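> based on what follows, work out the 3D shape:
(chains A and B)
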Amino acid sequence: MRALALSITGSRGVAIAIAIAQWLVRFVAVVLVIATFNFVLVHAAPGDPAQVMAGQSGSADEQMLAQLRAEYGLDKPYPVQLAIYLKRIVTLDLGYSYRQQRSVLSLIAERLPATLLLTCSAFLLSLVAGVSLGTLAGVRAGKWSDTALTIISLFLYAMPVFWLGLMLVLLFSVKLDWLPAFGYVSIGVPMTPFERVVDIAAHMVLPVVSLGSVLMAIYARLMRSAIIDVAHQDFIKTARAKGLKRGQIIFRHMLRNAVLPVVTVAGMQAGTLVGGSVVIETVFAWPGLGRLTFDSVLQRDYPLMLGIFLVMSVIVIVLNFLTDTIYRIVDPRVSLRAAS
Amino acid sequence: MNDDILLAVENLSVALPKGGDRGHAVADVSLSVRRNEIVCLVGESGSGKSITAHAVLGLLPSNLSIGGGAIRFRGADIAHADEGTMRGLRGGAISMIFQEPLSALNPLARVGDQIAEAIVTHASPRPSRAELDARVLELIAAVGLPEPATLVRSYPFQLSGGQRQRVMIAMAMSNNPALLLADEPTTALDVTTQKQILALIRRLQAERGMGVLFITHDFGVVADIADRVVVMRGGRVVEQGSVDEVLRRPKDDYTKALIAAVPGSRPAAERDRHLDGEPLLDARGLNKTFVTAQGLFRPHRTVPAVRDVALSLRPRETVAVVGESGSGKSTLGRIIMRLVEPDAGAVEFAGMDFLQLRGSQLRAMRRKVQIVFQDPFAALDPRQKVGDAIARGPMAYGVPPAEAIADAKRLLARVGLEASAAERYPHEFSGGQRQRICIARALALKPMVLVADEAVSALDVSVQAQILDLLAELREEMNLAMLFITHDLRVAAEIADRIVVMRRGEIVEQGDTKSVFTSPQHPYTRALLDAIPGRSLFAGPEAAATLDVMTA
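Numbers count the residues shown, from 1 in each chain, chains lettered A, B, ... in the order given. Got it, this is the predicted structure:
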């Protein structure tokens, strides 16, 4: 008996190790393909950084251009440049931004936490609120509370995110003066660490609500229809025939089954969130990755652009992996079916 | 005597929402179940038998409610009891099992937890973890499931249909109910599994002295399990009495018709149909293995569906391929039609090597083999008019539209529908009528071979008998050879000249219908024959003889 149990855990351990190995192989392959793709895309555009730099220095002649190109390796053939670029990536060297005179990695590292803080909070808020409201609407389908929730979520869904942001600022900052209108943290005010946390949280409220409410509307709609779907399935009748209370049926039998489509869609959208916060970061002057991307594109800062693209794709791949893992936890059929 | 009555339904009425085809789902239904007895509630689809059972537990769909009458359980009227009282009864003193074992369990929860939930809901004080585990294991063992310790940790999808139904029964038994409502619990199962589940219900009922209200449409099952029978039609009770009275001396005409329609209970058809000549279709050495990839480093999963199968079909002959789910019978039918390409083997059809044909030659031959599927609701395009559905086939082969439509109307009349049906959509027809449409669609191409894949399995017995009669007429008129795929030996006995029994992809026995029934050679065939419900009453072509032996 004991030996049997051991062999089962053993084989499960091996299976997990194999799954992780598979994922790593795919991860590296996808990152390299994306890096190549980005490189080709960026270099397909006319003009190169040397021209931009020479133009801005105001003293551009052919000799200086050539010198700049030689200095940054831009005179080498594209395949060689690509090889150098890929080799650097493997050693986690994302290059140097000529424009900002800093390493790309440090630029991204400085901005990433603010963006992650904003998007992760918005994402979690939208999931929790969307799933709760959707469940509520689903179990009350057809009643007035369902209609009200449906109208609100459609309203939020139809609203452009920047406009919602501006309206929230007008109401809560300008009119009521409850919350700061922009920025990440109050500047020039001495604060204890605790006060600082409270201050950042206050700054977060409006951008997080603006960004999260559109997504929340989507999840609420999805969850509502999934709940209605599940409510008609046979095992819900079985649960009723057991003598369970309505709340027990909803929490033990309906929620987990209904949340599966939400997990799928949320996983796909989590990736777009990272890049999609540009608008919100602009409206609220949030010092995040979105703004950095925007600036790098305007300034034709190739190394920075490539670096940001790469970091974003890595984030997307990791998020996809997390989604798969969460799906496997929620739905045992996915992993067990593949293994049996 | 009256103390014995557990459940008494008195003049129960349930109104249908406006716009239905009748005013009441059930009207004026009275029946009773005593302690330690099995009452079978029999009827065809739409007879209100299931609604009656759901009304007892207050589980009616939200658009239905009890209009009048009383439901007395142990003397107290529970027809209008409040939700709290009903919750106490559900899964406690009264429990229920359902038809679809595949969907009746929560797919994301472990089997053991689902059984434990049923116990905890009604236990006060809450049992300790150890007591609970012990009780779950005991229940799992009681319903005859293997390896209880492993099974509690399984998810429903890891179990077979029969095993899941046992889990449902274990759940229903968890609080030692006085009354069990069983809503077609064996309809979705293979015959051999059905036999086991019926025996299990019978055993649990006898051990615990339970009353059972057993809903079924199958008089064979009734004969096997019932003490008393209630027959319903159109929401009303037409006849009730002891199983002997109702089955052997039915009074009501509808009951008589239903019993007469049970396949295998009718006098055996004239067997010698003067079939001779060279085989029209001759398949040899057919093999098909399904392979599913499972990711980079895992071995592929292989399922041999058909193994070394040889099959021949003479002109005008009907061959029934009989087997349980997973026996490969449907795959065989699809290989014969070249919807699935076999891994190995040859099919000679009308003198040509069917598997080697390509392009226009293949297209020309395809129309010679047509199919009728099991589910008449899924087999027709809901947005295509019936006439188009039938005429499109011939039109694709170059018949002018006007001619094809005229042909379609003739065929509709031939299969027993109005010619005006051509202008209507599938949802306007009942299941039996749709199956007639599917037959017309298949015949529109003037095939030589008709593959009927469980073509009557989803139909009520009376409709089943009509469709079988229709097929028997059509095969004579159109000189059709038929490959009749079915899980039901009784149906096979009605129509087939020859029977082929398949198990796990292999043919275990074949022979003419009579000899397969009277002297089965393979143990599996004997097991299948044994499992036919109601053998004491209706036993294939040899019914009369067997019956005499049984009553002697």
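
> check the secondary structure at whatever residue of the stretch 51-200 of chain A ends up closest to chain B for me.
Residue nearest to chain B within the stretch 51-200 of chain A: A:G142 (9.6 Å; C-beta to the nearest C-beta). For the C-beta atoms, the positions are set from N, CA and C on the backbone; glycine is no exception. Three-state assignment for A:G142 (DSSP: H, G, I helix; E, B strand; the rest coil): coil.

> tally of neighbours for it?
10 (other C-beta atoms under 10 Å in any protein chain shown).

> pLDDT score assigned to it?
A:G142 carries a pLDDT value of 82.

> same deal with B:R135?
91.

> now the strand or helix carrying A:L310: buried residues?
When elements are assigned from DSSP states H and E, A:L310 belongs to helix A:302-330. The neighbour-count criterion (16 or more other C-beta atoms under 10 Å in any protein chain shown) identifies A:302-313, A:315-317, A:319-320, A:323-324, A:330 as the buried residues of helix A:302-330.

> from those, which are also near chain B?
A:V330 (C-beta under 8 Å from any C-beta of the partner chain).

> what residues sit buried inside stretch A:177-185?
In stretch A:177-185, counting by 16+ other C-beta under 10 Å, buried: A:179-181, A:184-185.

> between these, which sits nearest B:I119?
A:L179 (51.8 Å; C-beta to C-beta).

> need the contact list for that closest one.
By C-beta atoms under 8 Å, 6 or more residues apart in numbering or on different chains, the contact list for A:L179 reads A:172-173, A:202-203, A:205-206.

> redo that, cut-off 7 Å
A:172-173, A:202, A:205-206 (C-beta atoms under 7 Å, 6 or more residues apart in numbering or on different chains).

> I'd like the average pLDDT over stretch A:33-52.
On average, stretch A:33-52 scores 77.

> which outside residues touch it?
With C-beta under 7 Å, 6+ apart, stretch A:33-52 has contacts from A:65, A:68-69, A:72, A:74, A:78, A:82, A:85-86, A:89, A:98, A:300, A:302, A:305-306, A:309-310, A:313.

> which bits of chain A sit near chain B?
A:18, A:22, A:233-235, A:237-238, A:240-245, A:253, A:256-257, A:331-333, A:336, A:338 (C-beta under 7 Å from any C-beta of the partner chain).

> returning to what we had before: got the phi and psi for the residue of the stretch 51-200 of chain A closest to chain B?
The phi/psi pair for A:G142 (degrees, to the nearest 10) reads phi 90, psi -20.

> per-residue pLDDT of residue 306, please?
You didn't pick a chain, so chain A it is. 83.

> wrong one, I was asking about chain B
B:V306 is given a pLDDT of 90.

> need the contact list for the closest residue in space to B:D224 that isn't next to it in sequence.
Excluding its sequence neighbours, the residue lying closest to B:D224 (C-beta to C-beta, 6 or more residues apart in numbering or on different chains) is B:P533, at 5.1 Å. Neighbouring residues of B:P533 by C-beta under 7 Å, 6+ apart: B:194, B:218, B:220-221, B:223-224.

> repeat for B:L200
B:143-144, B:166, B:169.

> widest-spaced pair of those?
Across the contacts of B:L200 (C-beta to C-beta), the longest gap, 9.4 Å, separates B:G144 and B:I169.
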